[in-house]
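Undergrad: quick one, fold the following:
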Amino acid sequence: MSLQDDEKRLAGEFSVRYIEDGQVVGLGTGSTAKFAIEALGLKVRQGLKIRGIPTSVRSRDLATQLGIPLTTFEEVQQIDVTIDGADEFDPKLNLIKGGGGALLREKIVASATKKLLIVTDATKQVQMLGKFPLPVEVIKFAQALVAREIRALGAKTKLRLASETDSDKAGPYITDEGNHILDCSFDQIPDPPALALKLSQIPGVVEHGLFIGMASAVIMAKGTEVIEIRR
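TA: Residues are numbered from 1 along each chain as shown. As a prediction, the model looks like this:
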């Protein structure tokens with residue numbers, strides 16, 4: 001594995017020490033969250049009693065394979081701890097998420113969570129958000145209109161293609177909720193809360209990948225060291 005993969009594994013495995021018996025746990029999506037889910041699966045096999053709420057079909061399938069009991073928002077409306085990844089985080093722990101295409105469910109789960117733990121490798125730490133293209137989930141019907149509005153905010157927009165995540169698939173990437181994703185390159189986002197508000201006000205935007213003030217802490221692996229950054 002690469003150094004980056006080693007850091008992802010280290011952060012993911014470290015994070016499960018915060019999970020306790022009887023908790024409802026949000027199961028994130030992405031390469032770092034995958035390591036956390038695998039570590040949770042091991043703890044469940046060793047006797048840990050939890051129920052998980054996955055943020056994607058992929059995470060649901062992985063949790064099921066590992067024997068992690070799952071629940072739904074019909075049964076519980078509050079999550080004790082969620083472990084999820086991020087594409088970028090800034091000094092205020094504002095995040096860009098959605099590189100894996102699950103930003104809508106990730107934000108819903110985060111909004112219902114008492115403690116959101118973000119697990120990352122060292123490459124995800126930035127002074128200012130924006131280098132990573134901001135994912136925006138949009139309704140297909142409004143896609144062209146939304147793209148125009150986002151370009152007016154100073155970004156370049158690109159429709160995400162299914163082939164970017166699965167070489168056997170053609171056409172636009174389809175989210176778990178049946179929507180499309182525009183990847184929006186701003187280069188720099190000096191005021192993430194202001195941009196988040198503007199994006200939310202565009203008709204046809206289902207959700208965007210700016211997570212403002214939601215993270216309780218970032219667990220970042222750097223080399224062989226784990227650094228906890230709290231908000």
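Undergrad: direction included, what does the longest strand anywhere in the chain pair up with?
TA: Longest strand of the chain, by residue count under DSSP state E: strand 113-121. For strand 113-121, the pairing partners within the sheet under DSSP bridges are strand 79-84 (parallel), strand 217-222 (parallel).
Undergrad: tally of neighbours for the nearest residue to Q77 once chain neighbours are set aside?
TA: Spatially, and ignoring its direct neighbours in sequence, Q77 is nearest to A112 (6.5 Å; CB to CB, 6 or more residues apart in numbering). Placement of C-beta: from N, CA and C, glycine included. For A112, the neighbour count with other CB atoms under 10 Å is 16.
Undergrad: what of F35?
TA: By the criterion of other CB under 10 Å, F35 has 23 neighbours.
Undergrad: that one belongs to a helix, doesn't it?
TA: Yes. Residue assignment for F35, taken from DSSP: H, G, I helix; E, B strand; the rest coil, places it within a helix.
Undergrad: excluding residues flanking it in the chain, which one is nearest the most centrally placed residue in the chain?
TA: For the chain, the residue sitting closest to the mean C-alpha position, by CA atoms, centre = their mean, is K97 at 4.6 Å. Ranked by CB to CB, 6+ apart and with sequence neighbours excluded, the top spatial neighbour of K97 is G209, at 4.9 Å.
Undergrad: pretty sure that neighbour contacts G100?
TA: No. At 10.2 Å, G209 and G100 do not qualify as touching, with contact defined as CB atoms under 8 Å.
Undergrad: neighbour count: those two, which is higher?
TA: With other CB under 10 Å as the criterion, G209 and G100 differ in neighbour count, and G209 comes out ahead with 29 against 22.
Undergrad: tell me how far the more buried one lies from I219.
TA: Taken as CB to CB, to the nearest Å, the spacing of G209 relative to I219 amounts to 20 Å.
Undergrad: cool, and D191?
TA: Looking at D191 against I219, where the rule is CB to CB, the gap reads 26 Å.
Undergrad: next one: R51
TA: Using CB to CB, R51 is found at 22 Å from I219.
Undergrad: between the two, tell me which one has more neighbours.
TA: Looking at R51 and I219 with other CB under 10 Å, you find the greater number of neighbours at I219, namely 22 against 17.
Undergrad: so that one touches E13, yeah?
TA: No. Using CB under 8 Å as the test, I219 is too far from E13 to be in contact (10.0 Å).
Undergrad: buried stuff in whichever helix or strand L10 is part of?
TA: Under the criterion of DSSP states H and E, L10 resides in helix 3-15. Going by neighbour count (16 or more other CB atoms under 10 Å), the buried part of helix 3-15 is E7, K8, R9, L10, A11, G12, E13, F14, S15.
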